[in-house]
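Participant: Provided below are the primary sequence and the corresponding predicted coordinates.
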Amino acid sequence: MFGVHYSVNGEKFNNYFSALKKSHETNSFAHFIIPDWHINKWKSVDIAHAMSKPLHYWMEKKLEYLVSKYKKIRLQYSGGTDSHTIITLALKKGIVFDRVWMRFGGLGGPESYSNEEITPGYHWLMKNPQVANEIELFLMKEKHFEIWFEKGIHLKIPAFDFKFKPQWRPITMLNADAVDITLYGHEKPILYKKNNQYYWILPSPLAMAALIEHNSYNQHAGGFFLDGHVPELAVAQAYHFKRFCEDKMPNHQGWITWETIPESLRSNVNQDYLGRTKALTPELEKKALIGTKGMSMNEYHFRTMKEIHDLGRHDILEAWEQRRQELISEMQHIKHGIECIPTIHPITKKEILIPKIICRVALVIRLDKNKLTTVPSESIIN
């Protein structure tokens, strides 16, 4: 979604913490903005027509549209059910991406302990290299973690969120070739149910971070399941997710996300309602193997911290600790700013506070029977 950004009194920001700092200085609120073009496209969808087709139909239409519009497409692939659905659909239709890109944030390469979650995707890609003109593998190195020595890093990196592995574009895509568009696939809908009404909450945290990061470098990025191009896909996905909730979780109120769905139902919603391809492993069908989706720090990062520790790079761990304290000290007093959660440091075994991943609600849409109705976010959530 080209054009997404943070805004404080009309001033645009691509870094949440810079926007938050400005909001404090001006006693204003830092909003997340989705351009009206996407919103109007979603609202123009004929709901009955969109729902008369299986979701897979709209996925095919979206892929055909993208291939006709963009010559060079890079797919960011992890082996998760979202990106794997896109790549298997392309394989079925004989579509070849210009680039398929994978990132290995832990040390030791694709087969390492800290990259366990994406190893199945790597194996699949190595067996099916015909899906791309070139396969790009980014392997994190010890030197990349030295970015934690830089003071104020939380104000300098677009779409920065606090974690341990420095997975930001200035590091992971520094030498990547230019393409016409980069595709992402991690966009399962988020719903909120109140008084038996279902509301579509936009955007999802992971999609927000990925898209705003690419926009910051004037690189066109598209959320395959989300943006206003072939808007029937995004809208039908939200309504199919609503249908799942009505069928399988009728008494549930409040937030409805991937994490709130019982593991026993995740294969059902993924394949039967959201049209996703079967996961590469039974474990990936149900949950992230070594981390909780949507949380900035999890086992995925903790394993890499242990790897850095085992290399004797205590200076990197100390620098990361300094940046953690620096961010919290500077931001925790700002109204509507950050929220910290306690976690156990994997090395010291002491409790520390970690800033949660940022998710500013930009839009709340009520899923009426025959139309989308935007409502003030304050009327639904705090």
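Facilitator: Nice, I can see it.

Participant: which residue, neighbours along the chain excluded, lies closest to residue 43?
Facilitator: Closest residue to residue 43 in three dimensions, ignoring its sequence neighbours and counting by CB to CB, 6 or more residues apart in numbering: residue 372, at 5.0 Å. For the C-beta atoms, the positions are set from N, CA and C on the backbone; glycine is no exception.

Participant: quick one: the helices in the stretch 251-382 of the chain?
Facilitator: Counting by DSSP state H, counting those that start in this stretch, the stretch 251-382 of the chain has these helices, from start to end: 263-267, 282-286, 299-310, 314-331.

Participant: so for the longest one, what's the average pLDDT?
Facilitator: Put plainly, it is helix 314-331. Here helix 314-331 scores 97 as its mean pLDDT.

Participant: below-threshold pLDDT in the stretch 201-350 of the chain: ranges please.
Facilitator: Low-confidence segments of the stretch 201-350 of the chain (pLDDT under 70): 205-219, 286-296.

Participant: still on that earlier bit, most packed of the helices of the stretch 251-382 of the chain?
Facilitator: helix 299-310 (a mean of 19; mean count of other CB atoms under 10 Å).

Participant: for that helix, name the packing helices and strands.
Facilitator: Packing contacts for helix 299-310, counted by 3 or more CB pairs under 8 Å, 6 or more residues apart in numbering; DSSP states H and E, involve helix 314-331.

Participant: can I get the CA coordinates of the helix it packs on in PDB?
Facilitator: Extracted as PDB, the C-alpha positions of helix 314-331 are listed here (Å, rounded to 0.1, in the frame of the first residue of the first chain):
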ATOM      1  CA  HIS A 314      29.000  -9.500  25.100                       C
ATOM      2  CA  ASP A 315      29.600  -6.000  23.800                       C
ATOM      3  CA  ILE A 316      26.700  -6.400  21.400                       C
ATOM      4  CA  LEU A 317      24.400  -7.700  24.100                       C
ATOM      5  CA  GLU A 318      25.400  -4.700  26.300                       C
ATOM      6  CA  ALA A 319      24.800  -2.300  23.500                       C
ATOM      7  CA  TRP A 320      21.400  -3.800  22.900                       C
ATOM      8  CA  GLU A 321      20.600  -3.400  26.600                       C
ATOM      9  CA  GLN A 322      21.600   0.300  26.400                       C
ATOM     10  CA  ARG A 323      19.300   0.900  23.400                       C
ATOM     11  CA  ARG A 324      16.500  -0.900  25.200                       C
ATOM     12  CA  GLN A 325      16.900   1.400  28.300                       C
ATOM     13  CA  GLU A 326      17.300   4.400  26.000                       C
ATOM     14  CA  LEU A 327      14.100   3.900  24.100                       C
ATOM     15  CA  ILE A 328      12.000   3.200  27.200                       C
ATOM     16  CA  SER A 329      13.400   6.200  29.100                       C
ATOM     17  CA  GLU A 330      12.700   8.500  26.200                       C
ATOM     18  CA  MET A 331       9.300   7.200  25.200                       C
END
